[in-house]
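Peer 1: mind looking at a prediction? Sequence and model below.
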Amino acid sequence: MAEVSRRKRIWGWWFFDWASQPFHTLLVTFIFGPYFAGVAADFYLGSGLDEKAADAQAQATWSVCLAVSGLFIGFCAPVIGALADISGRRMRWIVLFSLMYIVGAAALWGLEPDGQAIWWIVFAFGVGFVGAEFALIFINSQLPDLGTSEEVGEISGSGFAFGYLGGLIALILVLVLLVEQSNGKTLAGLDPILGLDAGQMEGTRAVGPFTAIWFALFMIPYFLWFRERPRTGQRATLAGAIRLVIVSISKLRARRSLGFYLGSSMFYRDALNGLYGFGGVYARLVLDWEITLIGVFGIISLISSALFSWLGGKMDKRLGPKPVIIGSILILILVCVLIVGMSRAQIFGIALAEGSLVPDIIFFGCGVLIGGLGGVLQSASRSLMVRHTDPNYPTENFGLYGLSGRATAFIAPTLIGVTTAATQSARLGVSPVIGLFVLGLILLAWVKAEGDQT
């Protein structure tokens with residue numbers, strides 16, 4: 001087989017972001033998540049709850065889904081990463097998790113408007129989500145092989161930008177061809193394609209299979225062009241992997257910067273995932289947006305995500321990842337304060353005229369910043385982790401990074417769910433993410449900007 005050039009390897013690696021981004025764009029944030037919230041709210045309303053309580057219960061159900069999936073990812077990721085590092089066989093794991101992604105996404109077609117399949121869909125979504133996140137851990141661990149510590153920030157940022165561009169194109173396609181408005185037509189004024197029944201929301205439900213097909217198609221360049229390290233020849237066992245993880249965790253006492261960085265990213269990435277997971281739900285339940293309007297909001301957010309991620313990669317190369325992370329968190333905290341202080345009727349207690357478009361305009365602006373700075377934050381975080389990664393155990397190290405991002409992934413959804421239930425307000429329910437961002441920012445003070453590779 002002909003040798004694959006470094007440039008092709010990088011492009012192959014970037015294509016994972018292009019292929020996988022629609023799971024987060026279409027399913028978690030802008031289309032399926034809000035659709036699930038609306039179906040669940042109607043289901044609970046029909047079971048006897050009043051409208052406000054039904055909305056709160058719908059958001060709490062979505063919280064359970066994200067929290068349980070996140071816990072499973074967090075505690076399994078380091079062990080699976082260690083197994084791959086011991087043997088050097090990573091590609092077969094990526095194939096397995098890709099299959100989980102495809103099956104889980106495709107199964108979301110089953111959520112009919114009557115809501116009878118809610119808990120089956122929660123399980124199916126969890127399977128796809130676990131597959132997507134596990135695959136990402138392995139992909140992230142391949143970043144150190146693509147360039148020097150000075151180069152990986154720009155490579156990471158360009159990868160995120162390319163992925164967001166893919167998510168943008170996928171979102172435009174489903175809004176034009178599939179997702180119904182209340183009048184049964186798509187955003188382009190068309191009937192959903194392939195004879196899909198708008199009355200049964202088949203266009204919106206088809207976003208799950210669409211996402212599965214998109215991923216399967218665009219993973220082909222990754223598998224064709226990316227080449228991993230030679231196998232180690234060692235036999236990997238579960239007991240050996242667990243021992244390796246325990247040793248790695250015990251070493252954190254001596255690796256002060258890495259320990260604080262994992263703790264910091266644990267909180268601020270959980271906060272960011274909370275924003276992603278509940279942004280569309282907030283728009284649906286608090287601002288009463290239609291799914292198609294949320295989709296337009298997503299288009300604007302993704303354009304900013306692609307542009308900001310590319311610029312963030314340039315800033316990372318010039319300034320290093322830590323200042324980029326700090327700046328992104330500070331602005332996101334201000335955005336969260338604004339979202340929590342706003343409703344359809346008021347902003348920080350100042351009443352608005354009935355039917356005012358001010359909340360919509362402000363939330364569109366917030367979407368630009370959440371999407372853009374969220375991409376920058378994830379890209380720079382991946383870059384800073386490379387500076388803390390042992391080159392002999394990249395997957396296991398990024399497994400710890402996955403653990404830090406997912407071991408407490410139940411916190412944001414759980415806090416949002418508890419706060420929503422306590423306040424009976426989907427708007428105030430989002431407020432815990434502010435505290436998580438602040439905690440992450442504080443812990444960054446003890447993180448070395450240049451890392452502490454061993």
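Peer 2: Good, I have the coordinates.

Peer 1: any idea how far residue 294 is from residue 186?
Peer 2: 14 Å (CB to CB, to the nearest Å). Every C-beta, even on glycine, is put in place using the N, C-alpha and C of the backbone.

Peer 1: ok, now residue 263?
Peer 2: Taking CB to CB, one finds residue 263 at 45 Å from residue 186.

Peer 1: now the one helix or strand residue 385 maps to: mean pLDDT?
Peer 2: Residue 385 belongs to helix 358-386 when assigned by DSSP states H and E. Mean pLDDT, helix 358-386: 84.

Peer 1: check which helices and strands it sits against.
Peer 2: If contacts are counted by 3 or more CB pairs under 8 Å, 6 or more residues apart in numbering; DSSP states H and E, helix 358-386 sits against helix 152-177, helix 256-285, helix 291-319, helix 321-340, strand 346-347, helix 394-406.

Peer 1: now do the buried residues in it.
Peer 2: Residues of helix 358-386 classed as buried under the neighbour-count rule (16 or more other CB atoms under 10 Å) are 359, 362-364, 366-386.

Peer 1: with stretch 251-261 instead?
Peer 2: 255, 257, 258, 259, 260, 261.

Peer 1: what's the offset of that stretch from the middle of its chain?
Peer 2: Distance of stretch 251-261 from its chain centroid, counting by CA atoms, centre = their mean, to the nearest Å, is 26 Å.

Peer 1: what's it in contact with?
Peer 2: 262, 384, 385, 388, 443, 444, 446, 447, 448, 451, 452, 454 (CB atoms under 8 Å, 6 or more residues apart in numbering).

Peer 1: which secondary structure state does the fourth one sit in?
Peer 2: Per DSSP: H, G, I helix; E, B strand; the rest coil, the local secondary structure of residue 388 is coil.

Peer 1: and the gap between it and residue 118?
Peer 2: 41 Å.

Peer 1: neighbour-wise, which of the two wins?
Peer 2: residue 388 (22 against 17; other CB atoms under 10 Å).

Peer 1: so the more buried one makes contact with residue 451?
Peer 2: Yes: Residue 388 lies in contact with residue 451 (CB atoms under 8 Å); the separation is 4.6 Å.

Peer 1: picking up where we left off before, turn the helices and strands packed on helix 358-386 into JSON lines, including mean pLDDT.
Peer 2: Below are these laid out as JSON lines (pLDDT from 0 to 100):
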{"stretch": "helix 152-177", "mean pLDDT": "86"}
{"stretch": "helix 256-285", "mean pLDDT": "80"}
{"stretch": "helix 291-319", "mean pLDDT": "81"}
{"stretch": "helix 321-340", "mean pLDDT": "91"}
{"stretch": "strand 346-347", "mean pLDDT": "83"}
{"stretch": "helix 394-406", "mean pLDDT": "61"}
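
Peer 1: just these: most buried one?
Peer 2: Comparing these by mean neighbour count (mean count of other CB atoms under 10 Å), helix 394-406 ranks first with a mean of 27.

Peer 1: next helix or strand past that helix?
Peer 2: Tracing the chain past helix 394-406, the next element assigned as helix or strand by DSSP H and E is helix 411-423.

Peer 1: residues making contact with the helix or strand just after that next one?
Peer 2: Counting by DSSP H and E, the element after helix 411-423 in chain order, helix or strand, is helix 432-443. If you take CB under 8 Å, 6+ apart as the criterion, helix 432-443 is touched by 260-261, 263-271, 274-275, 326, 329-330, 332-333, 336-337, 340, 411-412, 415-416, 419.

Peer 1: change it to 7 Å
Peer 2: 260, 263-265, 267-268, 270-271, 274-275, 326, 329, 332-333, 336-337, 411-412, 415-416, 419 (CB atoms under 7 Å, 6 or more residues apart in numbering).

Peer 1: and what of stretch 95-114?
Peer 2: Residues from elsewhere that reach stretch 95-114 (CB under 7 Å, 6+ apart): 23, 27, 32, 36, 39, 117, 120-121, 124-125, 127-132, 134-135, 200-201, 205-206, 208-209, 211-212, 215-216, 219.

Peer 1: which among those residues count as buried?
Peer 2: Counted by 16+ other CB under 10 Å, the contacts of stretch 95-114 give 23, 27, 32, 36, 39, 117, 121, 124-125, 127-132, 134-135, 201, 205-206, 208-209, 211-212, 215-216, 219 as buried.

Peer 1: quick revisit: turn the buried residues of stretch 251-261 into CSV, columns for distance to residue 80.
Peer 2: Below are the buried residues of stretch 251-261 laid out as CSV (distance: CB to CB, whole Å):
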residue, distance to residue 80
255, 22
257, 25
258, 20
259, 22
260, 25
261, 21
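
Peer 1: list just the nearest of these to residue 145.
Peer 2: Distance to residue 145, by CB to CB, is smallest for residue 258 among those, at 19.7 Å.

Peer 1: for that closest one, give its distance to residue 137.
Peer 2: For residue 258, the distance to residue 137 equals 17 Å [CB to CB].

Peer 1: tell me the buried residues in the longest helix along the chain?
Peer 2: Assignment by DSSP state H gives helix 51-87 as the longest helix of the chain. Residues of helix 51-87 classed as buried by neighbour count (16+ other CB under 10 Å): 54-74, 76-87.

Peer 1: what's the neighbour count on residue 239?
Peer 2: Neighbour count for residue 239, taken as other CB under 10 Å: 7.

Peer 1: keeping just the C-alphas, turn stretch 204-218 into CSV.
Peer 2: The C-alpha trace of stretch 204-218 is given here as CSV (Å, rounded to 0.1, in the frame of the first residue of the first chain):
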residue,chain,number,x,y,z
THR,A,204,-38.2,15.7,11.8
ARG,A,205,-37.8,12.1,12.9
ALA,A,206,-35.8,11.3,9.7
VAL,A,207,-33.0,13.5,11.1
GLY,A,208,-31.8,10.4,13.1
PRO,A,209,-31.4,8.2,10.1
PHE,A,210,-30.0,11.1,8.1
THR,A,211,-27.3,11.6,10.7
ALA,A,212,-26.4,7.9,10.7
ILE,A,213,-26.0,7.9,6.9
TRP,A,214,-24.0,11.1,6.9
PHE,A,215,-21.6,9.6,9.5
ALA,A,216,-21.2,6.4,7.6
LEU,A,217,-20.5,8.2,4.3
PHE,A,218,-18.0,10.7,5.6
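
Peer 1: please consider this matter closed, and thank you.
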